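*Asks:* dropping a prediction and its sequence here:
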Amino acid sequence: MDYQVILVENNRLMLERLSSVIRGTSGFSLAARYQQAGDALGQSAMFKPNIILLDIDEKGNLGLVPEFASAFPGAAILCISSHWDAKESDQIAQAGAKGYLVKPFSSEELTEAVQTFSKSGMAQGSEVLAFFSPKGKSGKTTLIANLAMSLAARSGEPVGIIDADLQFGDMAVFFNLEPKSTIVEATRDVKFLSPITLNPYFMAVPEAENIRVLCGTKKPEFAEMVEIAPFEDLVRMAQSLFRYVLIDLPPGFNPISVAAAELAATTYMVAMVGGGFEVLHMKRALDVFKAWPDYEQRVKTIFTRVSPCTEKERELLEQELGYPVSSIMPNEYLLVSAAANSGRMAVDVQPDTPLSKNINRLSKDIMGRRIQWGAP
């Protein structure tokens, strides 16, 4: 497809630089360029653009996005700025822009931006889901991997996984991935990145084209290299790329798990039934989350390896916990292991098993909440 581009850039030197990039990018033609957004609105219809690059560093241009969307309904509007800003990212998505590109950009970045955003646009209303366990061996990584597959398949929207279990994360093992870059490099570089340049840090999952994974550290001692502020910026930036951002957290409360929970729309506490103390640990963790005035809406509980996995058993766990149990998962260790060994997930290999059905039910609930909240 050939792209007819309208460029709006107030700075004369930057206008020349970006014009050169567009002209030098295969498949792109610079139909017209302007320093003033008003001129572009009044004079560009004749060019029939399908891409509009709009400078939002210029005061007032961000507010013109709806006018551009109305005047050029067949064009994808990509806002360009000298730096990435989480607040502006939300605003331009709500205004109707498709994407966000940091300038100056290269031909490769321009092509990637158009390919990434032109289909579905930025993930307006992106939902962050944090998965936390009071103690280890909860089954949450298995849950996250399978839930991501279910969400991607059922919604058709992009899903991102961030492995923030910094010392012993094994999401890469689940998906048979060999990462070149990890959360360590992504948080180190995030201040220089934009959503487009962050995207390659996430690895594509071969069995599911709309799932990408930011893998955990390669060695436990590297955990200290991940700082809180860059981690928070990373999560916010990932929201521009994915409708759903699933974060696998280390067990227990620590700065990373607290930061992720604060950013998340929903925090799932996950515990594996077995030793007899799981409910007690859940109660203690709930006491910490009660500091949030809206914790009852934001904190949900899941028990794994429940046997028998029945509604009655869920009600018994709920009574013992004294708090709603959102979901229970059966013990299907052999199925999960066999699927993982082949680089696939249980919901993909055997979609009719009790585990797959419960995970699909959970993804349906998540998608249903988005509709209820009025998200697009």
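*Replies:* Sure, I can see it.

*Asks:* for the spatially most central residue of the chain, what are its contacts?
*Replies:* The chain has residue 245 as the residue nearest its centroid, 3.0 Å off, counting by CA atoms, centre = their mean. Shown in contact with residue 245 (CB atoms under 8 Å, 6 or more residues apart in numbering): 126, 127, 128, 129, 159, 160, 161, 162, 235, 238, 239. Heads up, the C-betas are built off the backbone N, CA and C, glycines and all.

*Asks:* surely the last one is in contact with residue 126?
*Replies:* Yes. Under the criterion of CB atoms under 8 Å, residue 239 makes contact with residue 126 at 3.8 Å.

*Asks:* for the residue nearest to the centre of the chain, name its beta-bridge partners.
*Replies:* residue 128, residue 160 (DSSP bridges).

*Asks:* tell me how far the strand or helix carrying residue 366 lies from the chain's centre.
*Replies:* Using DSSP states H and E, residue 366 maps to helix 354-373. For helix 354-373, the gap between its own C-alpha mean and the chain's C-alpha mean amounts to 17 Å (CA atoms, centre = their mean, to the nearest Å).

*Asks:* also stretch 229-245?
*Replies:* Distance, centroid of stretch 229-245 to centroid of chain: 6 Å (CA atoms, centre = their mean).

*Asks:* so where is the chain shaky, pLDDT-wise?
*Replies:* Residues of the chain that meet the criterion pLDDT under 70 lie in 1, 118-125, 275-276, 333-351, 369-376.

*Asks:* got the domain boundaries for it?
*Replies:* Under the assignment automatic domain parsing, the domains of the chain span 3-120, 127-373.

*Asks:* so where do the strands sit in the stretch 251-376 of the chain?
*Replies:* Using DSSP state E, counting those that start in this stretch, the strands found in the stretch 251-376 of the chain span residues 266-272, 299-306, 325-330.

*Asks:* out of these, which is closest to residue 37?
*Replies:* strand 266-272 (38.5 Å; CB to CB).

*Asks:* can you list the strands that that closest one pairs with?
*Replies:* Here, using DSSP bridges, strand 266-272 pairs with strand 127-132 (parallel), strand 299-306 (parallel).

*Asks:* need the ones you listed in JSON lines (columns: distance to residue 20 and mean neighbour count).
*Replies:* Listed next are the strands paired with strand 266-272 as JSON lines, based on distance: least, CB to CB, whole Å; neighbours: other CB atoms under 10 Å:
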{"stretch": "strand 127-132", "distance to residue 20": "38", "mean neighbour count": "24"}
{"stretch": "strand 299-306", "distance to residue 20": "51", "mean neighbour count": "23"}
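
*Asks:* relative to residue 363, which of these is closest?
*Replies:* That would be strand 127-132 among the strands paired with strand 266-272, by CB to CB, at 10.4 Å.

*Asks:* and the next helix or strand after that closest one, which residues are buried?
*Replies:* With elements assigned by DSSP H and E, the helix or strand that comes after strand 127-132 is helix 140-155. Neighbour-count burial for helix 140-155 flags 140-153, 155 (criterion: 16 or more other CB atoms under 10 Å).

*Asks:* for helix 140-155, what is the distance to the chain centroid?
*Replies:* Taking CA atoms, centre = their mean, one finds helix 140-155 lying 13 Å from the centre of the chain it belongs to.
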